[in-house]
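Chemist: got a predicted model here, sequence first, then my questions.
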Amino acid sequence: MNVIFDYLTIYSDILPAILFLLATSKHKDKGLWVLFFLNIYSFLNNLFISSDWSTSLHAYDYILYRFFTVIGYSLIVYFFYRNLVSRAMRKIIIVTYVLFVGYAIYDYLISPPQSFDSIPSAIEATLIIIFSIFYLFEQIKTPRVFFIYTLDKFWIVTSFLIYYTGTFFLFIFAESYFDDPAFSENYTIINNLFLILKNVFFSIGLLIKNKQNEYSPNSYPHFENILEKRF
Amino acid sequence: MLFLQISSPGSPVSLVLFFGTVGMLALTIGLIVFIIFHQRKVIRYQMQLQRLEQEQQKMLLNASIRLQEEERQRIAADLHDDAGPLLATARLYLNENLVNLDKTTQLQSIYNAKQIIDDTIQLIRNISHSLMPPTLKNFGLESAVNDLFQKISGSGSMNASCRFHDYRDRLHPDQELIIFRVIQELVNNILKHSNASFIHLTQNLGGTKLYIRLHHDGRGITQTDFEKLNKSNVGLGLKNIQSRLKLLHGRIYFEKDMSQTYYKVTIEIPKTEEEVQPS
């Protein structure tokens, strides 16, 4: 049963990637391209870690986790960088990215070789949750559609929010309890569950035909223009 | 079943993990639900605001169209009632010359026709001046306003004075005309409704804005009254002021003096970049 669940999780990463390739209208969006790469990378990473032949490379699993934290964060943060309107927030993204990568390297150097990167993962989750909330706040501030859930990126950001809030405590405890078999089992269950949820939401986003600017507050002609023509 | 497995007894970490994860998830779902409903609320509110704005714009447009029509009717009436009969009379005098061969009568009728044509020229000049004051065109806003106030003072009904403190660089002629029309409308309103004994106008520059302020000691309106009148179907002149100022991206404020004796009307007009930076 657990094996099926594991495989379902691993292959769930493929679903959004395939849907993205099929949705040709979304190919122009560079923000979505990076998420396509994220899914492919996540799929390969999980496949590699869980495959039988990797058991001999168990020591490197931790390094793969650490790599995934940094590269996954880089790709997600690039998505937010492309999609957030606020210039100040984009600057914050750059600054926090540099600090985050710096800290992830520092954490790798000072931690024992076979240890889970709890702190970088928790920081990553916190930052992505903040950017997601800010993205949704921007959508409220300048609404483009009457129903926000008709926007593809709403679902994509929701998928990040659900995944990173769901696994936040898991990552925090992981460093101390990863060697505990009971915790390890819980880790797999929770992580897999939220990963599947993330991919489902992500896929919904890719299936939605975007209705941008269906409602625009500035779409009405200004009175000045009418008057200028009349005078 | 899944979470039962997670929260296995004897493991406090699993309990914290379970409640922490469930709590975070509940918060996230709550946040997303809040965003969905709040965003819809924001859009509804914005649409309502837009509808109101559109209605007001429609009213302003109607007011300006009605004012244009009234102006046309006035010019048509002036031409029809005054210039028409005068020219018809002149034609009669000239016709008389054709039938009457008496030299003295002919001279008399030509003289009368000339007088009538002179009157007609004067009348047409008056109409033309009311459409575009020549002082405004040739000498600018300051002189035109001075002229207007001198005429009011000269009539003896009211003491009118004006002072331009900083008007060395003239505005664009179109802008001057709009401002002059606004001042004219305000002065007309004061003359008609306020029963004031004086009007005083001052002009100042503040940063990149031009300020024109009118004081009078009669009955006046405050900003609340102005906004109320603007939203109602009455107050055509005020709507016209509003629409004219909108063209200049200007604002108007109606207020009562601190001493509660005078009413103040302040017009604020932003100067364009060309006017602010002398070439």
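Modeler: Yes, it's here. Residues are numbered from 1 along each chain as shown, chains lettered A, B, ... in the order given.

Chemist: ok, which stretches of chain A are strands?
Modeler: Taking DSSP state E, chain A contains no strands at all.

Chemist: which residue lies nearest the spatial centre of it?
Modeler: The structure's chain A has its C-alpha centroid closest to A:F160; by CA atoms, centre = their mean the separation is 4.4 Å.

Chemist: any low-confidence regions in chain A?
Modeler: A:1, A:52-59, A:210-231 (pLDDT under 70).

Chemist: all strands of the stretch 51-200 of chain B, in order?
Modeler: With strands called from DSSP state E, counting those that start in this stretch, the stretch 51-200 of chain B shows them at B:159-164, B:198-206.

Chemist: out of these, which is closest to chain A?
Modeler: Chain A lies closest to strand B:198-206 among the strands of the stretch 51-200 of chain B, at 23.5 Å (CB to the nearest CB). Every residue, glycine included, has its C-beta placed from N, CA and C.

Chemist: what's that closest one packed up against?
Modeler: Helices and strands touching strand B:198-206, as assessed by 3 or more CB pairs under 8 Å, 6 or more residues apart in numbering or on different chains; DSSP states H and E, comprise helix B:141-155, strand B:159-164, strand B:209-216.

Chemist: please verify my assumption that B:S194 contacts B:L214.
Modeler: No - applying CB atoms under 8 Å as the test, B:S194 and B:L214 come out as separate, 10.6 Å apart.

Chemist: who has more neighbours out of these two?
Modeler: For B:S194 versus B:L214, neighbours defined as other CB atoms under 10 Å in any protein chain shown are more numerous around B:L214 (21 against 17).

Chemist: mind listing what the more buried one touches?
Modeler: B:L214 is in contact with B:I183, B:L186, B:V187, B:I190, B:I199, B:H200, B:L201, B:K264, B:V265, B:T266, counting by CB atoms under 8 Å, 6 or more residues apart in numbering or on different chains.

Chemist: so what's it bridging to?
Modeler: Here B:L214 sits in beta bridges with B:L201, B:V265, going by DSSP bridges.

Chemist: pull up the residues of chain B that are close to chain A.
Modeler: Chain B comes close to chain A at residues B:2, B:5-6, B:8, B:11, B:13-14, B:16-17, B:20-21, B:24-25, B:27-28, B:31-32, B:35-36, B:38-40, B:42-43, B:46-47, B:50, B:54, B:57, B:60-61, B:64-65, B:243, B:246-247, B:249, as judged by CB under 8 Å from any CB of the partner chain.

Chemist: and if we set it to 7 Å?
Modeler: Within chain B, the positions near chain A by CB under 7 Å from any CB of the partner chain are B:2, B:5-6, B:8, B:11, B:13-14, B:16-17, B:20-21, B:24-25, B:27-28, B:32, B:35-36, B:38-40, B:42-43, B:46, B:50, B:54, B:57, B:60-61, B:64, B:243, B:246-247.

Chemist: only the buried subset of these, as a PyMOL command please.
Modeler: Buried residues among these (16 or more other CB atoms under 10 Å in any protein chain shown), as a PyMOL selection:
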select buried, chain B and resi 6+11+14+17+20+21+24+25+28+32+35+36+39+42+43+57+60+61+64+243+246+247
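
Chemist: from the residues of chain B next to chain A, which land in helices?
Modeler: B:2, B:5-6, B:13-14, B:16-17, B:20-21, B:24-25, B:27-28, B:32, B:35-36, B:38-40, B:42-43, B:46, B:50, B:54, B:57, B:60-61, B:64, B:243, B:246-247 (DSSP state H).

Chemist: go ahead and flag the most central residue of chain B.
Modeler: Nearest residue to the geometric centre of chain B (CA atoms, centre = their mean): B:I241, 1.8 Å.

Chemist: nearest residue to A:I71 other than its sequence neighbours?
Modeler: Leaving aside its chain neighbours, A:I71 sits nearest to A:Y41 (6.4 Å; criterion: CB to CB, 6 or more residues apart in numbering or on different chains).

Chemist: could you list the domains of chain B?
Modeler: Domain ranges of chain B: B:1-130, B:134-276, per automatic domain parsing.

Chemist: would you single out the least confident of these?
Modeler: Per-stretch mean pLDDT for the domains of chain B is lowest at domain B:1-130 (a mean of 82).

Chemist: how close does B:K137 get to B:L131?
Modeler: Look at B:K137 and B:L131: by CB to CB, to the nearest Å, they are 11 Å apart.

Chemist: compare these two and say which is more crowded by neighbours.
Modeler: B:K137 (12 against 9).
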